[in-house]
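**Student:** Let's see this in three dimensions:
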Amino acid sequence: MSNAYRLLICDDDEILRDTLIEQIALSDEFAVVGESCAADAIRRVAEDRIDLAVMDVGLPDLDGREAVRRMRQAGFRSPVIMLTAQDSEEDQVEGLEAGANDYVTKPFKLGILLARIRAHLRSHEASEDAVFQIGPYTFRPSAKLLVGERGSKLKLTEKETAILRFLYRAGRAVVNRDTLLAEVWGYNAHVTTHTLETHIYRLRQKIEPNPATAAILVTEGGGYKLLP
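**Tutor:** Numbers count the residues shown, from 1 in each chain. Predicted coordinates:
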C-alpha cells in the first residue's frame, strides 16, 4: 500500500527479523524493510524515508544504543523502539538517554510491539518533531507550515495540511479525488470534488513556482500526487 508507514527492523537474528517483517507487513498500513547491522541501519535512515525504527540492542558491529545516538546526531527524528533481552532499569535508561522512545523486552508478543508502534507513530505525527520533505519545502504538519530552502514560511490551512499529509503518505502513487475527499473531509454529503479542486488550486498558488504548470502537486489519472 503506497500510503503505508515505512518501518525499519534492525536485528541480526535473521529468523526473528524475517518473522517480524513478514508478520507486520501483513497489515496494509505498514511497509517494512530490514537490516542486520547498525551501519546499514544508520545508512538506511539517512537515505530513505523511515517513519519508525525497531532496533536491537545487541547488534554485531555496534551497540544498538550507540547506533541510535548516531542516528539522532545525524538528524533522524522518527520514533525508535529498542528490542533487548535485558530488562534492567539501568539498561533502559541508557537506551532512552541515547534517543530511543521505548523499550520492548524479548521475548514479546507481536500484538504488544504493534500496539507500541502505532502509539508512537500517532504521537510523533502530532508532535513538533514531525518534519517531512516536500519538493524544496520542509513540511511541519503540527505547525501547519511549509518552510522554504531560504527560510521563507508559508502558512497552511487545516485542510491544506491534511491534503499534503495524505499525499505525502502515498509517495509517488496517484490518489484519486474521491479517496482524498473522503480522507480529508470525511463522508460529508455536502462536500463535492469541486471543493477539493478549489483547495488544490489555492495550494498550488502557494507552493508552485509556476502554478500554471505544476511541478510539485501534479494532476494525473483522475487524481493527484506529490513529486519529490
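**Student:** Show me where the chain has its helices.
**Tutor:** Secondary structure of the chain by DSSP state H: the helices cover 14-24, 38-47, 64-73, 89-98, 110-125, 158-169, 177-185, 193-207.
**Student:** Spit out the contact partners of the most centrally placed residue in the chain.
**Tutor:** Centroid-nearest residue in the chain, with C-alpha atoms, centre = their mean: Asp51, separated by 3.1 Å. Contact analysis of Asp51 by C-beta atoms under 8 Å, 6 or more residues apart in numbering lists Tyr5, Arg6, Leu7, Ser78, Pro79, Leu121, His124. Placement of C-beta: from N, CA and C, glycine included.
**Student:** Show me the contact partners of stretch 157-164.
**Tutor:** For stretch 157-164, contacts defined as C-beta under 8 Å, 6+ apart pick out 134, 139, 141, 144, 146, 156, 180, 183-185, 196, 199-200, 202-203, 206, 217, 226.
**Student:** Buried ones in stretch 141-152, by neighbour count?
**Tutor:** Going by neighbour count (16 or more other C-beta atoms under 10 Å), the buried part of stretch 141-152 is Pro141, Lys144, Leu146, Val147.
**Student:** Oh, that last question was meant for stretch 44-61, not what I typed.
**Tutor:** Arg44, Val45, Ile50, Asp51, Leu52, Ala53, Val54, Met55, Asp56, Val57, Leu59.
**Student:** And for stretch 172-189?
**Tutor:** For stretch 172-189, by 16+ other C-beta under 10 Å, it's Val174, Val175, Arg177, Leu180, Leu181, Glu183, Val184, Trp185.
**Student:** do stretch 208-225 as well
**Tutor:** Applying 16+ other C-beta under 10 Å to stretch 208-225 flags Glu208, Pro211, Ala214, Ile216, Leu217, Gly223, Tyr224, Lys225 as buried.
**Student:** What average pLDDT does that stretch get?
**Tutor:** Across stretch 208-225, the average pLDDT comes to 93.
**Student:** Could you give the number of residues near the nearest residue to the residue nearest to the centre of the chain once chain neighbours are set aside?
**Tutor:** Excluding the flanking residues, the one nearest Asp51 by C-beta to C-beta, 6 or more residues apart in numbering is Tyr5, at 4.4 Å. Neighbourhood size, Tyr5 [other C-beta atoms under 10 Å]: 21.
**Student:** and Tyr5, what are its bridge partners?
**Tutor:** Phe30 (DSSP bridges).
**Student:** OK, contacts around it?
**Tutor:** Contacts of Tyr5 (C-beta under 8 Å, 6+ apart): Glu29, Phe30, Ala31, Asp51, Leu52, Leu121, Arg169.
**Student:** change it to 7 Å
**Tutor:** Counting by C-beta atoms under 7 Å, 6 or more residues apart in numbering, Tyr5 touches Glu29, Phe30, Asp51, Leu52, Leu121.
**Student:** can you check Lys144 too?
**Tutor:** When contacts are counted by C-beta under 7 Å, 6+ apart, Lys144 touches Lys155, Leu156, Glu158, Thr161.
**Student:** What about the nearest residue to Leu110 once chain neighbours are set aside, how many residues nearby?
**Tutor:** Nearest residue to Leu110 in three dimensions, chain neighbours excluded: Gln23, at 5.6 Å (C-beta to C-beta, 6+ apart). Residue crowding around Gln23 was assessed by other C-beta under 10 Å; the count is 13.
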